[in-house]
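Engineer: here is a sequence together with a model predicted from it:
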Amino acid sequence: MTEQPAPHRPNPVERGLESLLFNSRWLMAPFYLGLVICLAVMLFKFFTKLWEFIIHVPAATEEDVILGALSLIDVSLVGNLILIVVFSGYENFVSRIDPGDHPDWPEWMTKVDFAGLKQKMLASIVAISAIQVLKAFMSIDTVFEPQKLAWLVGVHLVFVISTLILALSDRWGSDHASE
């Protein structure tokens, strides 16, 4: 019969250092609180844009209405992005959130890992970028700036390609991890 080695018992210094490192995750909590405040600012900006949109609709062209709607969608997508970062970041890096038995609790909130967080963030950024390109395209008759449009399309393509590469690398990584 072979003897089992004694379990490793860290010394007090090592235990203290590990405890300090583990508890340092709470330093991220104020960042997420700051993002919640940022979300409130985005809500204010959304209502400001909505009010301006409503006031100008009677004299607006169809193109102006579409551009106004796209601006509202843009602000909404940024708000979604902030919310994804707050919940997923807090859950992944600070502490688990206990939803209790809340009937409105979204399923994704406690199930997004870091890879999923990156993909959701990049998908939101691609959508926001697409709206910027669409807004520039919609106003091409009134203000045509080929260099600006080229930059917008180029940056959008970089976001799309980056998102695809990240998704493929995450998929390949998970495929190799399961082997």
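Structural biologist: Okay, I see it.

Engineer: ok, which stretches of the protein are helices?
Structural biologist: All helices of the chain, identified by DSSP state H, fall at 12-23, 29-56, 62-93, 114-138, 146-177.

Engineer: of these, which is nearest D104?
Structural biologist: With CB to CB as the measure, helix 62-93 is the member of the helices of the chain nearest D104 (13.6 Å). (Glycine included, C-beta is placed from N, CA and C.)

Engineer: and the closest one, what other elements does it pack with?
Structural biologist: Packing contacts for helix 62-93, counted by 3 or more CB pairs under 8 Å, 6 or more residues apart in numbering; DSSP states H and E, involve helix 29-56, helix 114-138.

Engineer: quick one: the shortest one to helix 62-93, angle?
Structural biologist: Interaxial angle of helix 114-138 relative to helix 62-93 (axes from the mean of the first three to the mean of the last three CA atoms, to 10 degrees): 170 degrees.

Engineer: low-scoring stretches of the chain, by residue?
Structural biologist: 1-2, 6, 108-114, 175-179 (pLDDT under 70).

Engineer: make it 80
Structural biologist: For the chain, applying pLDDT under 80 flags the ranges 1-10, 92, 97-118, 120, 138-145, 170-171, 173-179.

Engineer: show me what contacts V36?
Structural biologist: V86 (CB atoms under 8 Å, 6 or more residues apart in numbering).

Engineer: skip the chain neighbours and tell me the closest residue to Q119.
Structural biologist: A167 (6.0 Å; CB to CB, 6 or more residues apart in numbering).

Engineer: burial of the one you found, as a residue count?
Structural biologist: Neighbour count of A167, defined by other CB atoms under 10 Å: 15.
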